Structures are given as structure tokens and as C-alpha cells.
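[1] Below are the sequence and a predicted model; questions follow.
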Number of protein chains: 4
Amino acid sequence: MIRLNFSIELNYDIYDNASDFIFNIHAATTPHQQVVHEQLHVSQDVRSSLFTTPETGSRYLRLQAGNGPLCVRYEASVEITHHIEAPASLQEMAISEVPPHALTYIYPSRYCQSDRLHNLASREFGGWARGYQRVLAIQYWIRQRMMFQSGSTNASTSALDTLLEQVGVCRDYAHLMIALCRAINLPARFVTGIDYGVDQSMRPLDFHAYVEVMLSGRWYLFDPSGVSPPMGLVRIGTGRDAVDVPFATVFGAVSPALPLIRITAVEDVAQGLNMPFHTDQALSSASG
Amino acid sequence: MIRLNFSIELNYDIYDNASDFIFNIHAATTPHQQVVHEQLHVSQDVRSSLFTTPETGSRYLRLQAGNGPLCVRYEASVEITHHIEAPASLQEMAISEVPPHALTYIYPSRYCQSDRLHNLASREFGGWARGYQRVLAIQYWIRQRMMFQSGSTNASTSALDTLLEQVGVCRDYAHLMIALCRAINLPARFVTGIDYGVDQSMRPLDFHAYVEVMLSGRWYLFDPSGVSPPMGLVRIGTGRDAVDVPFATVFGAVSPALPLIRITAVEDVAQGLNMPFHTDQALSSASG
Amino acid sequence: MIRLNFSIELNYDIYDNASDFIFNIHAATTPHQQVVHEQLHVSQDVRSSLFTTPETGSRYLRLQAGNGPLCVRYEASVEITHHIEAPASLQEMAISEVPPHALTYIYPSRYCQSDRLHNLASREFGGWARGYQRVLAIQYWIRQRMMFQSGSTNASTSALDTLLEQVGVCRDYAHLMIALCRAINLPARFVTGIDYGVDQSMRPLDFHAYVEVMLSGRWYLFDPSGVSPPMGLVRIGTGRDAVDVPFATVFGAVSPALPLIRITAVEDVAQGLNMPFHTDQALSSASG
Amino acid sequence: MIRLNFSIELNYDIYDNASDFIFNIHAATTPHQQVVHEQLHVSQDVRSSLFTTPETGSRYLRLQAGNGPLCVRYEASVEITHHIEAPASLQEMAISEVPPHALTYIYPSRYCQSDRLHNLASREFGGWARGYQRVLAIQYWIRQRMMFQSGSTNASTSALDTLLEQVGVCRDYAHLMIALCRAINLPARFVTGIDYGVDQSMRPLDFHAYVEVMLSGRWYLFDPSGVSPPMGLVRIGTGRDAVDVPFATVFGAVSPALPLIRITAVEDVAQGLNMPFHTDQALSSASG
């Protein structure tokens, strides 16, 4: 079991009386990720409401704030229990076996236009033996082609742009991997989180985006950008692509500062708490 | 109350042993639309399963069929009770009032890239008084610009293409209207159905696509293509855009024939059954 | 030397009084391609004018026709003298050596958006030794990925679409090859023509599109679609991409029929006339 | 007559031994624009060559420079004689009247995909009386919709993006206007220059981009961005769109500084030299 303590601080200047915010910064609550402790601080005295998407455990905080500075600070301690599997044992699923609630993840979405990539994905990956290794092949195909470059993309960049221009950040890597998986009928989805153990030579601590692909009835973790060990990821949002899980959606005249993020891992062997490590095993932290 | 009887017949030639199909051709079951009677006939002797998306009542039929012809025929009799409202009484909703489950419909999707249309939509529609009339203004803006032309678009055509090229079919009209609504933060979604009363000079009887926009806590019907009276629509699928509710998704080597569709309305004043008619009132056939 | 006799017949129905046509169907006149004989027949009694683009020898016929049928029939006999070179002797040119009039062909154009493909082309082809072999590598890269499929693309399909969707016709193959060449600073351009020796199992006789790349100061022929031996190509139009050399541009209410095309090769060894044949040598039929 | 003195200074740091540059910063030489005096200073001792495109007078400077700083400074004094016409006297040209060399400007180009805008342009502008007023209508249509915002677009932004997103800089305004003109068969082209009299509240002194449309056999000036009086424009490059006339194209590992630009107008009534002024007359500074 992994225990991670993290905090997210978001700061804004608001220029009108009533700006609306929807945040997706709470740790998701799932059978594999328990929130041991959490605390939310909002600098303005406003009402807020929290709702949870039942299928994914994504939690959305909604509030309305007014003129002046706004600081939203969330901190939590979570315990993550991974399901670990030998890659060789994992099977791709026939369409007829995909659970109904997972079917939505074989279809295209705003940033993952898999409908246009059937030929390409079939030609590139159609010859691989089915299973975890094929998904890894997609991940490495992307990693081999892409350059990680902060600031090279924007909010309208999609998997098609990324495939053409071969540059981007973790979000773009994830969108491209999802699009390629769906193009060969593999259910794939987008996960946001905070990652312990990031290679800070690649990028500073920030929100991270990674991928889950369903194999043998479970969602397994893939990090096509390769910036951090998947075992060190705290799940925040789970959705079809970045549209579903923006860490903040702002309606109003507001200027944001850069997010401030901290994360530490707690090692306590007596209590069964281990540090995240790199592994070649298949990791799952979500229910089927 | 409206009673509509309809049938959908889909025919395929299958060239391999195990092709998968997902159909969304069943009448949706919602508090406003009761299925009085329905019958499904599948020409091959195969197992099938039906699942329902709880939030929308969309029903998906899944089956696997083999070499040779496949005929899937669905017929149903539905009773639709509309909620009818005076347009002037309907309010647009503040972001803070939109129910959590409806928030997904203010975000962009595969075919409705509202994120790129904020400036355009704000300039065109920002000056209108808020409410039903503003949504009608969007609908008329589209209808005035577009040419309805069968075969002019394809499965990758999105709202952006439609805005540029100004030609398309009902699906394209709907995607553009949804994108423009979302661009000014109006929750809007895509509905498929069979329409009684279509102007067959515009197009033959076929699956139809229309739009729902949330006002005062309810989803109201809009048909930007204007081909049929909204009161004559049988709801089949409800989703973010055409991705969520294709009438058929086929996995395998299969060639399809054109759908065969029939629909009739039952008039029986003694039983309170009326014919669909054109009205300027606001119509809702979905729960909030 | 190759002698090819060919004819092109274009038929239209015109619905208004004055429709304008611009045709690019005349054999180009270049130092390597002599028009021995040619004849133009226009079924309506109209004035027409012919102009030639000096740099490329492309010839454009302009006329205005009125209500009723219009038949434009062009036939010609051309003699083509190829410059033939051993591939190993051909060099890529430094930017500083590219002749001024050829610089335009390293820039992006409507259908060949090379500006977005620098990373991809550099990664795929940057490691190859410079020269003819590298251009062949690009040609084979495309041929390996693409499926030739009539009717799969349309007039707005560009190299970027083709790279994503991996399906198209000769025009799409050519656009993609041009875009990839320009992305690594190789001057590349688009040529239309009629091809003797087409593999009619791939497609019926039609206008063809192929590619020229400048090496060692000359334009060399490449046919990425591989449907016919480059030696059997009659050059008609030469330009940046399909925009510059449409076989017909029509302004008015006009419906076209399919083009009717014939081509034969004249063998007469005594006169030095040979049949076109497949060769691995580098072929040039244009001045530098 | 207008006399304008201007200078352009471009600074680079070069990180390899042989970087190639192509500059288009020389004042164009045309019958309407005489270069009275000009001087070029290149800080490294390198060979350079200058070539002129005959049809447009665009001049391109090519040089290769090595490691270290590079400063290219061009200054010139030009005299511009405008052809001034009453707008009401200008006619749109029938396709059959467009001079052969101008036909290229009715076709789409990399950034001006007019082929996709026929419906939109016909509907918006088809009802206007033909002539200068219709072109002005296009210009105002754009100006009314667009927001001028430095840094909002990049080198891959095209007229289609601009039409959707309604934000950009002078180059984007020009591309959109050109695309809309071509979509209704008006020959339109892209001009770069330095503008005297810019409203520096909109943007600092920089390269400018504007539009020429052919009417009654001449190219007339339009500045859709409206940042400066067209009479104060020094013509540098003339082409189909920004592809043809980048002020600098750099091949190599080079980092650029911002351009430094100065421009002054010389008033000397005795010599017939006037200051540029705003006028409602139609201005032409190019041959037909």
C-alpha cells in the first residue's frame, strides 16, 4: 500500500461580482484509493457544493466568488492499494465482453478523434499479439515519436494535431494514446492526478495526465509521457478526455496564477506503507 | 398525449463468423415517454443483451452475428406526454444552478467543439435578452445560413466544418446548434429519434437528430433543421453528440442496406390521443 | 525517346447563358516534351484563349459557353526525351544552391502543409543518407502506409488528412509526398498528366498526379501511387499542388460527365521511338 | 506623391556553422514605387544574393551566416505614386476578363482556403451590388467580427481558424479577407509592408500585412485590420498569402530578436511630397 500526502493551492484575481468556478481537485474516492484525511480551505466566505460522479469517483467542487483575490487550497492524505498483475496474463476484451458502462470509452471524444485513425492504428498495431504487450507497443510508439515540450500546445490541441506535430505535454501524450487505443477498439480513458516521483528535469511539479486501458475486465495504468512511476499517481479525475476533468473551469473575468503543488510519500514498513517504485508489472487502481 | 407507432428495419450482409453490433434503436423509456408495446425480431438465432443508461433512458442492444444476412426489426408503440410551457416564462440558468448531472452538457465534445466558438457566439448572441428567445435566435441563425443537402457530409463532419461550409443534414444542424449554445454556457445535448410529420420534400423518412437545451431546470426541444414538428418526435438516444447515440455501431466485415422506417400517429380523442401539431409553445419531453 | 498519342474528351451540360471554363488539358511544352501534333475541338462556337505559364510550360485554355451541351476534345501526339541518371550520382541541394525560381517549392501550399510536419519528417527521414535514396524512402514510406481507394477523398482533402487517414487516390499520395519533402527542405512540386501503362486493376484510365523533386539542379519524377511507369507520363500541368493545375475549373451552373481518356505509345525502333518501361534509373523530364 | 524613409533591423544569434536565411525586407520595385535610395548592412562578412520576382517586384535576399551574432539592417527611401479612383467607377471583373497572370489569385492557398467558403461568402455577400462597395462590405464584415490581439495566433493559423475564433493580428485579418474574396471569385492577394501612421495603441510598429483586390484591371488596397492609412504603406512583398512573403525564413539553429523598425514621412509641398492621409477614395499602388 502507498500513502501519499499532497496539497494543491490555486490562486485567482477576480474582477467581477460573481464568478463561477468548478474545480476537480479532490482526490477521487474509489475502492482502491481511500482518502484518510482531507481539508479544503477557501479564502472567501462563500458557499460551495461538492458532487461525485458515481461511476468514476471524480469529485467536483462548485462555488461562486466575488471581486478580489481567491485562494482555494486542498490537502489530503490518501492510501492507494494497487491491483498488480503479470502482464502476460492480461487479455484484450472482445466487444461482446466489454461491460456496458465501459463502452463509452471505445468511442471518439473531443480530443481523441479515434474515428479518423482506424487505418493507421490497424496498420501499426494490427500485427501485434493481443494483450498488455500491444498496449505497451502503442505507448512506446508514442514515446519514441514525441518531444516533451512545455508550452508547445494549447487548450484546443487534439490527438490529431499531436500525431502530426509530434510535440506536447503529458495531456497530449495521453490523448494520442487514448485515440490510438480506441481506434482498434480498446476501451481507453483519461485520468488526471498528482504524481509522486516525477522526473523534474522534464517538468516541474504540476497536474499530471495519464491513461487507463481495460484489459481482462480491469482498468490498467499507462503513462505514455513516462515522467513518473505510475505507482506514485494520486487519482483525481477520470473521464473520456481532458474535457471531462479540467482541474478548474472558470466562468467570469478572472486571472489565474500558476498552481502550487506539493506531494510526499509516507514510508512505514511496519504499517505496510511502501514507497512507489518503478515496476514492469501491470498496475490497476480502478474497479472494472 | 401523443401515441406514435413506428418500426425500424435494419438489414446487413455479414462476411465473417462473428461480427459485433451495438444498436440504439429502442424507444427511450423516460417519465415522459412510455413504451406501451414493443417487439424485437432478429433474423439470426443469437443471444442479445439490452442495457439502459439510467440518466437518459437510452437503450443499447448488443449482439454478435455470423456469416450471411442479418435482419433486425424493432417496432414499438409509445405514448409521449409533453410538458408545455409559455416561452416567455423560461429562464436561462446560472452556472451555479445547473444540476450536477447536466454540467457535462456545457463542455465541448467530439462533434461540438464549443471551446473554439466563444468569441463568435458571444458576439452573435451576447446582445439578446436571456431566455427561450435567445435559443430560438441561435436556431434561426443556423437555419438561415444552412442548406439541407443529403450526402453533403460524412461521419467526421463536425460543427466547425458545418459553420464553415454551411451545408449538411439534421445531424450537422444539431451539432452546430449544440456547439453554439455551449459556447455561451447553455447546457445543450443531442437527441436521436424518429419523426412523425417530416416534410418529405426535404428528405425521406430516416433517423432524425435534434437538440435539447436546459432552461428553468428542464430540457426543451429544438429542431434546427425544421424538417418536422417537434411534437412528433419519438426519442431514441440522448447524449453529448452523435458519438453517444449511433443507431448502429458495427465491428466486422459487414455491408449495410438503407434503414426502413415507418411511423404513424394514432388519433383517438376519446382516449386523449391527439395528432402532433406545430406550436410556438416550448416543449419538453425529458426530465431535468 | 517516347512518343505518346492521347486524347481527352470532357462533356458538360450547361444551365445558364454564360459559364466560364478554365481548362488545363493541353500537353505542356517544355524542352523535354515536344508537341508534334495537337488538335482542339470545342462543340460550341465560342472564342477561346490559350495562355502558357512560362516557367513550367503549363497551358490554360479559357472559354465561355452557354446553355446546352458542351464537348471539349483535345488530342495530341507528344515526344518525350527523358534525362536519365544513375540514382547514386544525385545530390540533395543546399538551400543556398536552390535556384531562385525553385524556392517557392520548399514552402507549404493549400494541400501540402509542410509547416506542420517538420518534426515528423525529420524523425522519419533525418537519419537517411542524403540523395535520391532518401526521396525514394519517402515514396516507399507513403506507399507502404496508404490504401488506394477511388472515391475515398474529396476536393478539400489535404496532405494532413491523408497522413491521418491513410487512404486516397494519386492526388492524395502526391500531396503527402510533397508535404514530407518540403518539411525537410527538399523542393517538391505537383505534376498532372496522362499515364501510359497504368495498372488498370488499380484504377481506370484517368488524369494522373505525380511528384517532382529537385536533385542536383534538375526535377526528377516520382510516382508515389505506383500505378504506372513514370516513363509513360505525359506532362500537362506543373504547380505547387492541385490548386495550380486543375484539369477544369468551372464557374457557373454546369454538370460534368466523367472524362474520357485514351492513350497509346508508338513503337518505331528505326525512328528511335521506344515503349515506356519500368526502370530503377532516375528520370527527369523538366528543366531545372 | 508620398516619400517614406524606413529602416528594418533584424538580429539573430546563430548556433551552427552555416545557417541559411532568405529575407524579404527590401522595398518592392514597381512602376508605382521607386526606390530613391537604399542601403543594406550585414554584420557578418558573407556573400549574399538578391533576386526579384518579375511579376510582383518582390525582392528576396539570400545569405548564409555562421556562429555568433548576425545583424541585417536595411534602410531605404521610397517614393510612392498612387493611382486614385472614385470607388463608384470600379467594376468587378468577369472571369473571362481577369488577366492570365492574375488568375492564380482566385484560387485557394495555404492560409486562404477559399474552396471551403463558397456557400458562406455567397450568402453573406452575394446580395451586394458588384464593385468596390462589395469589397468594402467584406472588409467591414471582418473588422466588425474580429478582435485584434497580439500573440493570439501562430504560424499555422489559417483563414478558417480566424473565421471560427474571431481573433488575430493583421496577417490573420488579411488571410480571412483574401479567402472570402476568392470564394466569390474576386482575385485577391497578400501584401506585406511597413506602415506609416499606425495607431500605436493597437500595436507597436511592426511588419504589416494588407490586401489587394483586382477591380477594373487594377489591384486596389484594403487594410482589413484598419490600423493605419493605406496611403502610408510601403510595399515589400506581394504573394498569394503569407507563405510567399515571409520577412525572414531561417534554416538552422538560430534564435531571433524582435525586429526594430522605423519609418518617417517626408513632407515637401514644393517638391510635391505630401503626408499620407486617410481617404475614402480607392487607392492602387500596383500595376494590373
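    Thanks, I have the structure now.

[2] Need the pLDDT of the closest residue in space to residue A:231 that isn't next to it in sequence.
    In space, residue A:231 comes closest to residue A:276 once its chain neighbours are excluded; the distance is 3.9 Å by CB to CB, 6 or more residues apart in numbering or on different chains. C-beta coordinates here come from the backbone N, C-alpha and C atoms, glycine included. Model confidence at residue A:276, given as pLDDT, is 91.

[3] Okay, and the residue nearest to residue A:142 when sequence neighbours are not counted sits in which element?
    Take residue A:142 and drop its neighbours on the chain: the residue closest to it by CB to CB, 6+ apart is residue A:224, 4.9 Å away. If you go by DSSP states H and E, residue A:224 is not part of any helix or strand.

[4] Give me the neighbour count for residue A:224.
    If you count neighbours by other CB atoms under 10 Å in any protein chain shown, residue A:224 ends up with 24.

[5] same question, residue A:168
    For residue A:168, using other CB under 10 Å, the count is 24.

[6] beta partners for it?
    residue A:148 (DSSP bridges).

[7] Quick check: it vs residue B:110, distance?
    19 Å (CB to CB, to the nearest Å).

[8] shouldn't the residue nearest to residue A:231 be in contact with residue A:223?
    No - Residue A:276 is not in contact with residue A:223 according to CB atoms under 8 Å; the separation is 12.0 Å.

[9] Looking at those two, which one has more neighbours?
    Each of residue A:276 and residue A:223 has its neighbours counted (other CB under 10 Å); residue A:223 has more, 24 against 19.

[10] How about that one, nearest residue that isn't a chain neighbour?
    That would be residue A:210: by CB to CB, 6+ apart, it lies 4.5 Å from residue A:223.

[11] Next: residue A:121.
    Per CB to CB, 6+ apart, closest to residue A:121 is residue A:183, 3.6 Å.

[12] Next, work out how far apart the one you found and chain B are.
    For residue A:183, the distance to chain B (CB to the nearest CB, to the nearest Å) stands at 12 Å.

[13] tell me the contacts of that residue?
    Residues in contact with residue A:183 (CB atoms under 8 Å, 6 or more residues apart in numbering or on different chains) are A:114, A:115, A:117, A:118, A:120, A:121, A:122.

[14] ok, now which ones touch the fifth one?
    To tie it back to what came earlier, the one meant is residue A:120. Here residue A:120 is in contact with A:163, A:180, A:183, C:145, C:164, C:165, C:166 (CB under 8 Å, 6+ apart).

[15] And the fifth one, how far from chain B?
    By that I understand residue C:164. For residue C:164, the distance to chain B - CB to the nearest CB - is 10 Å.

[16] What is the neighbour count of that residue?
    Neighbours around residue C:164, by other CB under 10 Å: 18.

[17] Any stretches of the stretch 151-288 of chain A with poor pLDDT?
    For the stretch 151-288 of chain A, applying pLDDT under 70 flags the ranges A:200, A:202-203, A:288.

[18] Name the residues of it found near chain B, please.
    Applying CB under 8 Å from any CB of the partner chain, we find that the stretch 151-288 of chain A lies next to chain B at A:155, A:156, A:185, A:243, A:244, A:251.

[19] same thing but at 6 Å, please
    Within the stretch 151-288 of chain A, the positions near chain B by CB under 6 Å from any CB of the partner chain are A:156, A:243, A:251.

[20] burial measure for the closest residue to the first one other than its chain neighbours, as a count.
    Counting by CB to CB, 6+ apart, residue B:116 is the residue found nearest to residue A:156 once chain neighbours are left out, at 5.8 Å. For residue B:116, the number of neighbouring residues by other CB under 10 Å comes to 19.

[21] May I have the residues that are in contact with residue B:116?
    A:156, D:164, D:165 (CB atoms under 6 Å, 6 or more residues apart in numbering or on different chains).

[22] Return the member of those residues nearest to chain C.
    residue A:156 (14.3 Å; CB to the nearest CB).

[23] Make sure that closest one is indeed in a helix.
    No - if the criterion is DSSP: H, G, I helix; E, B strand; the rest coil, then residue A:156 is coil and not within a helix.

[24] Angles on the backbone of it, please.
    phi -100, psi 0 (degrees, to the nearest 10).

[25] And residue A:19, how far from residue B:134?
    21 Å.

[26] Contact distance from chain C - what residues of the stretch 51-200 of chain A qualify?
    A:116, A:119, A:120, A:160, A:164, A:165, A:166, A:167.

[27] Could you verify that the fourth one is part of a helix?
    Yes - following the definition three-state DSSP, residue A:160 is counted among the residues of a helix.

[28] Show the contacting residues for residue A:212.
    Applying CB under 6 Å, 6+ apart, the residues contacting residue A:212 are A:189, A:191, A:219.

[29] scratch that, residue A:252
    A:16, A:19.

[30] again, 7 Å this time
    By CB atoms under 7 Å, 6 or more residues apart in numbering or on different chains, residue A:252 lies in contact with A:14, A:16, A:19, A:20.

[31] for those, which one is nearest residue D:140?
    residue A:16 (31.2 Å; CB to CB).

[32] Could you tell me how many residues sit around that closest one?
    11.

[33] which residue sits closest to the closest residue to chain D within the stretch 1-150 of chain A in space, ignoring its chain neighbours?
    Relative to chain D, the nearest point of the stretch 1-150 of chain A is residue A:149 (14.1 Å; CB to the nearest CB). Closest residue to residue A:149 apart from its sequence neighbours, by CB to CB, 6+ apart: residue A:167 at 5.1 Å.

[34] residues contacting the one you found?
    Applying CB under 7 Å, 6+ apart, the residues near residue A:167 are A:146, A:147, A:149, A:152, C:119.

[35] which ones are touching the residue of the stretch 151-288 of chain A found nearest chain C?
    Using CB to the nearest CB, the single residue of the stretch 151-288 of chain A nearest to chain C is residue A:166, 4.1 Å away. The contact partners of residue A:166, taken as CB under 7 Å, 6+ apart, are A:145, A:146, A:147, C:119, C:120, C:123.

[36] so the last one makes contact with residue A:144?
    No - distance between residue C:123 and residue A:144: 8.5 Å, which falls outside the contact criterion (CB atoms under 7 Å).
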